[in-house]
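**Q** How does the following fold in three dimensions:
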Amino acid sequence: MEHRASRISGPTPTPKVPGRTRWAVYDAARQMFFVNVASPARIVAIDARNPIKISTEYEVPAAGPHGLDLDPVSGRLFCACDAGVLLAIDAASGGMLGDVPLSGSPDVIFLHPQSEHLYVAIGDPGVIDVINIATMRCEEVVPTEAGAHTLALDRKRSKIYSFLPQSHRAAVFVDAT
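**A** Numbering: from 1, shown residues only. This next block holds a predicted model:
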């Protein structure tokens, strides 16, 4: 068996974060990584140009930051928390811009900027909350299956894929907006 050398270099020094990390997004305009920390509830920002330390921390006013996404146009971070709330946070300052109650404790989230919809997978009861980010309101609750907490988004085709663990299937939804 032939062994090929890795093209990835060895580890570099990394910042110590204050707790368990859950999800991260990269902001290309700011050259910044934003990382959710479950407890203590916060988002840490790490500068990609100097990734050996935390640049800043934003306290999150709800338990269990989980899913995280970024609207690069508005500069808003969307943070879905285990407390059953979606928060809109200014990426530059950490200021709270709004919140939306969710149908339960979330897992993964994906933003579709063209439709201004944010999709939130919620395994219990098994739904996708469709949040309008312009109005910060839940527009629709789409049933999936109990335990379905994993999504994928095809932004080009406006298709949302929900992976259904009990029936071993994938459900495909089309956002017709």
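**Q** Can you tell me how far Val172 is from Arg157?
**A** Per C-beta to C-beta, to the nearest Å, Val172 is found 10 Å from Arg157. C-beta: built from backbone N, CA, C; applies to glycine.
**Q** now do Thr14
**A** 36 Å.
**Q** next one: Thr135
**A** Note on Thr135: its distance to Arg157, by C-beta to C-beta, is 24 Å.
**Q** can you pull the contacts of Arg155?
**A** Contacts for Arg155 (C-beta atoms under 8 Å, 6 or more residues apart in numbering) come out as 112-114.
**Q** and the residues you listed as JSON lines, adding distance to Ser167 and pLDDT?
**A** Output for these, formatted as JSON lines (distance: C-beta to C-beta, whole Å; pLDDT from 0 to 100):
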{"residue": "His112", "distance to Ser167": "25", "pLDDT": "97"}
{"residue": "Pro113", "distance to Ser167": "31", "pLDDT": "93"}
{"residue": "Gln114", "distance to Ser167": "30", "pLDDT": "93"}
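**Q** Quick one: buried ones out of those?
**A** Buried subset of those (neighbour count, 16 or more other C-beta atoms under 10 Å): His112.
**Q** from the contacts of Arg155, which is closest to Asn50?
**A** Pro113 (28.2 Å; C-beta to C-beta).
**Q** from what I can see the closest one touches Arg76, true?
**A** No. Pro113 lies out of contact with Arg76 (C-beta atoms under 8 Å); the separation is 10.7 Å.
**Q** how about the closest residue to Pro65 other than its chain neighbours, secondary structure?
**A** Nearest residue to Pro65, sequence neighbours excluded (C-beta to C-beta, 6 or more residues apart in numbering): Asn36, at 3.9 Å. For Asn36, the secondary-structure state derived from DSSP: H, G, I helix; E, B strand; the rest coil is strand.
**Q** Could you report the pLDDT at Asn36?
**A** The score at Asn36 is 97. That number is its pLDDT.
**Q** One more: the one 4 residues further on?
**A** At Pro40 the predicted local distance difference test score is 97.
**Q** element containing it?
**A** Taking DSSP states H and E as the definition, Pro40 sits outside all helices and strands.
**Q** ok, it - contacts?
**A** The contact partners of Pro40, by C-beta under 8 Å, 6+ apart, come to 18-19, 59.
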